[in-house]
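J.: give the three-dimensional model of this entry:
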Amino acid sequence: MKLTTVTNVSVDGVIQGLGGQSEDRRHGFERGGWALPLFDTEIETFLGQVYQRSDAFLFGRRTYEIFANSWGTGSWGTDQGHNPISLALNTRPKYVASTTLTDPEWTDTTVLSGDLSAAVRELKAKPGNEIQVHGSGNLVRWLLANYLVDEITLLTYPVVVGQGMRLFPETGPDIALDLVDYRTFPKGITVQVYRPSGRPRYATD
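T.: Below you'll find the predicted structure:
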């Protein structure tokens, strides 16, 4: 399976608290809920199609707990017959990278607590189309640094949040990307799909 990261990000790179005011208030973050006002039926349909093509999901612990509390046991999770995201999340294997989670309540969850690199490579070697990582900023950065990501899907929202955790740190690995797909939605959300292609080329003096 190829490993794809799917990330909702503001123009200034923020990934924190996109879903609601109280979703993630770490480090004094007070501007949660910046993504949902820009949703429309077209982006909802697109995301449903993205989730449906996945054979399995890989999460960091914090994103896993947010998803489990909403899509797993919350009201969204009970709408499996009508919501393609809920259907995918509740009927396909889920893996969570964590050294502290010991008893996950969400059905069909496996905790990866040992050698994460080896575990992810083992997952990728399984038959199937795609394993997706949603949210999970720390995990995404780690996967990129360890050359385990095959495809990056960015949903960029036309908003500058002005505070909050960013997708990429000030210092990190440099990665060249090939653009393989691009879409624009009515309220200004753009989708870019990239494939990592080694290190960038730099101009010389």
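J.: residue contacts, the residue nearest the centre of the chain?
T.: Central residue of the chain (C-alpha atoms, centre = their mean): residue 134, 1.9 Å from the mean position. Listed by C-beta atoms under 8 Å, 6 or more residues apart in numbering, the contact partners of residue 134 are 6-7, 57, 59, 63, 67. All C-beta atoms are positioned from the backbone trio N, CA, C, and that covers glycine.
J.: for the lengthiest helix in the chain, packing partners?
T.: In the chain, taking DSSP state H as the definition, the longest helix is helix 41-52. With contacts defined as 3 or more C-beta pairs under 8 Å, 6 or more residues apart in numbering; DSSP states H and E, the packing partners of helix 41-52 are helix 84-91.
J.: what's the first helix or strand after the helix it packs on?
T.: strand 94-97 (DSSP states H and E).
J.: avg pLDDT for the following helix or strand past that next one?
T.: Heading C-terminal from strand 94-97, the first helix or strand you meet, by DSSP H and E, is strand 109-112. Strand 109-112 shows a mean pLDDT of 95.
J.: partner strands of strand 109-112 and their direction?
T.: Its sheet considered, strand 109-112 pairs with strand 94-97 (parallel) by DSSP bridges.
J.: and the partner strand, how far out from the chain middle?
T.: Distance, stretch centre to chain centre, for strand 94-97: 12 Å (C-alpha atoms, centre = their mean, to the nearest Å).
J.: related to what we said a few turns ago, how about the contacts of residue 134 in JSON lines, adding distance to residue 119?
T.: As requested, these are exported to JSON lines (distance: C-beta to C-beta, whole Å):
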{"residue": "6", "distance to residue 119": "20"}
{"residue": "7", "distance to residue 119": "21"}
{"residue": "57", "distance to residue 119": "14"}
{"residue": "59", "distance to residue 119": "13"}
{"residue": "63", "distance to residue 119": "17"}
{"residue": "67", "distance to residue 119": "19"}
